[in-house]
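Q: quick one, structure for this:
(one chain, ligands or ions: 1)
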Amino acid sequence: MFSLPKIDYPYEALEPYIDMKTMELHHTKHHQTYVDKLNEAIGKHAELADKPLEDLLKDLSAVPEDIRTAVRNHGGGHYNHSLFWGYMAPKEDDGGAMPDGIGRAVSDAFGGADQFRQQFADAAAKVFGSGWAWLVFDPSAGSGQARGQLKIVSLPNQDAPAMFGWKPVLGLDVWEHAYYLKYQNKRPDYIAAWWNVVNWKKAEEMYERNKA
Ligand code: MN3
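A: Numbering: from 1, shown residues only. Below is the predicted model of the structure:
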């Protein structure tokens with residue numbers, strides 16, 4: 001059975017950039033619902049009970065058809081949000097600047113840290129309807145160099161990078177539930193504020209783990 005992961009900081013810790021009420025609802029209602037519906041689906045197929053979620057998402061065609069859409073939506077939702085909480089941290093704890101490893105990598109891949117931020121923000125702003133922007137590794141591209149393997153992609157709904165063979169480094173939820181209470185329809189304002197609470201240490205850790 002899957003369960004709701006704890007968040008390492010209190011709901012109010014990302015104020016004023018991400019408000020407490022949004023964090024609480026996002027975690028205890030939205031994320032919890034993905035967990036519940038994923039468990040409901042997996043409960044229909046005992047043979048899947050021990051499978052890691054990432055393995056299910058990597059090969060959805062192997063998931064029984066009657067629960068495939070539920071695993072895609074709710075499994076993707078659980079997977080994405082479990083990463084998302086760690087991609088944020090209270091501002092005073094994250095050091096602010098990108099650590100060297102990921103800093104060099106995004107400079108190589110996108111021409112500089114500012115260019116990376118701009119391209120990522122554009123991708124997030126342009127997601128039509130509900131979805132996510134991601135910085136991912138694409139192991140099928142390039143040859144061991146960050147250049148060519150690091151990509152900015154946007155994905156609809158709760159589709160997860162694992163579904164496309166990509167390894168996540170950093171992701172931003174741009175569903176309205178992630179920002180509507182504080183920012184209403186102004187998604188670009190939410191995106192601009194989000195940079196203040198990005199946990200670069202976590203992104204660096206994901207980068208180091210996935211680049212090999
Ligand atoms: Mn969400």
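
Q: under the pLDDT cut-off, which ranges of the protein? List them.
A: 93-96, 142-148, 212 (pLDDT under 70).

Q: now do the contacts for R117.
A: By CB atoms under 8 Å, 6 or more residues apart in numbering, R117 lies in contact with W195. C-beta: built from backbone N, CA, C; applies to glycine.

Q: how far away is it from the ion?
A: 21 Å (CB to the ion, to the nearest Å).

Q: start to end distance for stretch 69-89?
A: One end of stretch 69-89 sits 32 Å from the other (CA to CA, to the nearest Å).

Q: and the ion, is that stretch touching that?
A: No: for a cut-off given as CB under 5 Å from the ion, stretch 69-89 has no contacts with the ion; the smallest distance is 5.7 Å.

Q: could you give me the buried positions within that stretch?
A: Within stretch 69-89, the residues scored as buried using 16 or more other CB atoms under 10 Å are 70-89.

Q: show me how far that stretch is from its chain's centre.
A: Put simply, stretch 69-89 sits 7 Å off its chain's centre (CA atoms, centre = their mean, to the nearest Å).

Q: can you pull the contacts of the single nearest residue of the chain relative to the ion?
A: Proximity of the chain to the ion (CB to the ion) peaks at D173, 4.2 Å away. By CB under 8 Å, 6+ apart, D173 lies in contact with 26, 80-81, 84, 132.

Q: which residues of the protein lie near the ion?
A: Counting by CB under 5 Å from the ion, the chain comes close to the ion at 173, 175, 178.

Q: using a markdown table, lay out those residues together with secondary structure.
A: Putting these into a markdown table (DSSP: H, G, I helix; E, B strand; the rest coil) gives the following:
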| residue | secondary structure |
| --- | --- |
| D173 | strand |
| W175 | coil |
| A178 | helix |
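
Q: would you map the helices across this structure?
A: Remark: helices assigned in the chain by DSSP state H are 20-25, 32-42, 53-58, 65-70, 76-84, 100-110, 113-126, 146-149, 180-183, 187-194, 200-210.

Q: deepest-packed of the ones you listed, please.
A: Among those, ranked by average contacts under mean count of other CB atoms under 10 Å, first place goes to helix 76-84 (a mean of 22).

Q: helices or strands up against that one?
A: helix 32-42, helix 53-58, strand 167-173 (3 or more CB pairs under 8 Å, 6 or more residues apart in numbering; DSSP states H and E).

Q: what about 6 Å?
A: For helix 76-84, the packing partners by 3 or more CB pairs under 6 Å, 6 or more residues apart in numbering; DSSP states H and E come out as helix 32-42, strand 167-173.

Q: can you list the domains in the protein?
A: By the assignment in automatic domain parsing, the chain contains the domains 19-87, 91-210.

Q: now distance to Y9 too, for those, in CSV please.
A: As requested, the domains of the chain are exported to CSV (distance: least, CB to CB, whole Å):
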stretch, distance to Y9
domain 19-87, 9
domain 91-210, 8
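
Q: rewinding a little: for V169, find the nearest of the helices of the chain.
A: Among these, helix 200-210 comes nearest to V169, with 4.8 Å by CB to CB.

Q: and the residue nearest the centre of the chain?
A: The centroid of the chain falls nearest to G171 when counting by CA atoms, centre = their mean (3.4 Å).

Q: neighbours of the closest residue in space to that one that isn't next to it in sequence, just the number please.
A: In space, and not counting its chain neighbours, G171 is closest to W134: 4.6 Å by CB to CB, 6 or more residues apart in numbering. When neighbours are defined as other CB atoms under 10 Å, W134 has 26 of them.
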